[in-house]
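**Q** have a look at this prediction, sequence included:
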Amino acid sequence: MNKKRTNEKSVKRFEENPIIRTVDIKPSLESMKVECVLNPGVFSFKDKIWLLLRVAERPVQDEGFVSFPILDKNGGIEIKKYSLTDPDLDVSDARMVTYKGKMYLSTMSHLRLVCSDDGIKFYEPKDFSNKIFGKGELETFGIEDCRVSFIDGRYVLTFTQVSENGVGVGLMTTSDWVHFEREGMIIPPHNKDCAIFEEKIGDKYYCLHRPSGIDLGGNFIWQASSPDMIHWGRHKCVLQTRPGMWDCARIGAGAAPVKTKAGWLEIYHGADFNHRYCLGAVLFDLADPSLVLARSIEPIFQPEADYELTGFFGNVVFTNGHVVDGDTLYLYYGASDEVICGATFSISYILSTLLIKA
């Protein structure tokens, strides 16, 4: 990685942003169009930086109609198509299609593997299982927003499973990125944004996750522990939204927390009621990660560049992946639900803002 980036500024966007656009990714089928490339999981493997992209596709649209794909229980693609003049159709949100009161996603997502020698120019590798699609009745609307943790010599992937049954957390593991073991749904609906700590604390694995409350509760960050990363319990709400602030509507974990001398540092996303997504940070105690030591008052990163302000769903920066090199955090993020970008952060700088202001 190019360390010169952080010498100029404690937080700096890559000059090459956006580093991946929709036109850079081929659709999985000729009949499909890539609408969004977003929110990659990030990891190091074979001396390269790898991104596990979320690729959102739908059929090429015919004038006057909306069409979108879903998977049947056997993994086959079914295309649904409706006239835009149909009074039972609601497409007011670009991310969703509602027909006769039933909600679908306007696109279907799968995971796509790309790699880079310099962390900036990415390409699809050969000899790897570079496409991971939804499978089974819990993933008929696709799989999304993968986080990658390296634990006990294996890569652990947590991702969002989407179907008409709801939105939950799936898990799979691999050691070579060719062979995968699918463990199914580990946290049931409605839940997402699951990031697993990259080492045991005591004799337990820990994760952050985000259930969605209806009426009581809210979109808060919770924590749980597990003896095996499959069975999770002792759930505890560790971070809530804050009225009147940049993270007043919903919050969710980014990638696995970074272990520092001061504590476990987690970069998280927060949104307000105008659906503006920013990034903040929170510090958890090393021995008891349910204890919050400090938290961002202001965002550490917010939409400012043109490619972050406008796009498929504008005014969004969203991360679930990074790599660490000394004091430098190389953070990869989705911008406006459409392109992939990168930025560098000084970990010590982030910690100093938390300890001073929290």
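**A** Okay, I see it.
**Q** shaky segments in this structure?
**A** Within the chain, the segments meeting pLDDT under 70 span 1-9, 356-358.
**Q** longest helix of it?
**A** Taking DSSP state H as the criterion, the chain has its longest helix at helix 347-357.
**Q** buried stuff in it?
**A** By neighbour count with 16 or more other Cβ atoms under 10 Å, helix 347-357 contains the buried residues 347, 349, 350, 351, 353, 354. C-betas here are computed from N, CA, C, even on glycine.
**Q** now render those as TSV, adding distance to residue 294.
**A** Formatted as TSV, the buried residues of helix 347-357 follow (distance: Cβ to Cβ, whole Å):
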residue	distance to residue 294
347	14
349	14
350	10
351	8
353	9
354	4
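**Q** tell me which of those is nearest to residue 58?
**A** Out of the buried residues of helix 347-357, the one with the shortest distance to residue 58 is residue 350. That distance is 37.5 Å, counting by Cβ to Cβ.
**Q** quick one on the thing from earlier: just the buried residues of helix 347-357 now: which is nearest residue 301?
**A** Lowest distance from residue 301 to the buried residues of helix 347-357 (Cβ to Cβ) belongs to residue 350, with 9.8 Å.
**Q** quick check: the gap between the closest one and residue 240.
**A** 21 Å (Cβ to Cβ, to the nearest Å).
**Q** how about the helices in the protein?
**A** 5-8, 306-309, 347-357.
**Q** now do the longest strand seen in the chain: which elements does it pack against?
**A** When every strand of the chain is counted residue by residue (DSSP state E), the longest turns out to be strand 32-45. Contacts defined by 3 or more Cβ pairs under 8 Å, 6 or more residues apart in numbering; DSSP states H and E place strand 32-45 against strand 48-59, strand 142-151, strand 154-163, strand 317-325, strand 328-335, strand 339-346.
**Q** distance to residue 234 and mean neighbour count added to those strands, as a markdown table?
**A** Formatted as a markdown table, the entries for these read as follows, by distance: least, Cβ to Cβ, whole Å; neighbours: other Cβ atoms under 10 Å:
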| stretch | distance to residue 234 | mean neighbour count |
| --- | --- | --- |
| strand 48-59 | 29 | 23 |
| strand 142-151 | 19 | 23 |
| strand 154-163 | 18 | 23 |
| strand 317-325 | 24 | 23 |
| strand 328-335 | 29 | 26 |
| strand 339-346 | 31 | 23 |
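**Q** to residue 192, which of those strands lies closest?
**A** Of all those, it is strand 154-163 that lies closest to residue 192, at 4.6 Å by Cβ to Cβ.
**Q** returning to what we had before: in the longest strand of the chain, what's buried?
**A** 32, 34, 35, 36, 37, 38, 39, 40, 41, 42, 43, 45.
**Q** among these, which one lies nearest to residue 200?
**A** Out of the buried residues of strand 32-45, the one with the shortest distance to residue 200 is residue 43. That distance is 19.1 Å, counting by Cβ to Cβ.
**Q** in space, what's closest to the closest one - neighbours in sequence excluded?
**A** Leaving out its chain neighbours, the residue that sits closest to residue 43 by Cβ to Cβ, 6 or more residues apart in numbering is residue 148, at 4.5 Å.
**Q** next one: residue 298
**A** In space, not counting the residues next to it along the chain, residue 298 is nearest to residue 246; the distance is 7.2 Å by Cβ to Cβ, 6+ apart.
**Q** likewise residue 27?
**A** With Cβ to Cβ, 6+ apart, the residue lying closest to residue 27 is residue 34, at 5.2 Å.
**Q** and that neighbour, what is it in contact with?
**A** Taking Cβ atoms under 8 Å, 6 or more residues apart in numbering as the contact definition, residue 34 lies against 22, 23, 25, 26, 27, 55, 56, 57.
**Q** dig out what it forms beta bridges with.
**A** Note on residue 34: beta-bridge partners residue 57, judged by DSSP bridges.
**Q** let me see the contact set for residue 302.
**A** Residues near residue 302 by Cβ under 8 Å, 6+ apart: 246, 276, 278, 279, 317.
**Q** and residue 102, by the same measure?
**A** residue 164.
**Q** ok so, going back, would CSV of the contacts of residue 302 with distance to residue 178 be doable?
**A** Shown next, in CSV, are those (distance: Cβ to Cβ, whole Å):
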residue, distance to residue 178
246, 42
276, 40
278, 37
279, 33
317, 32
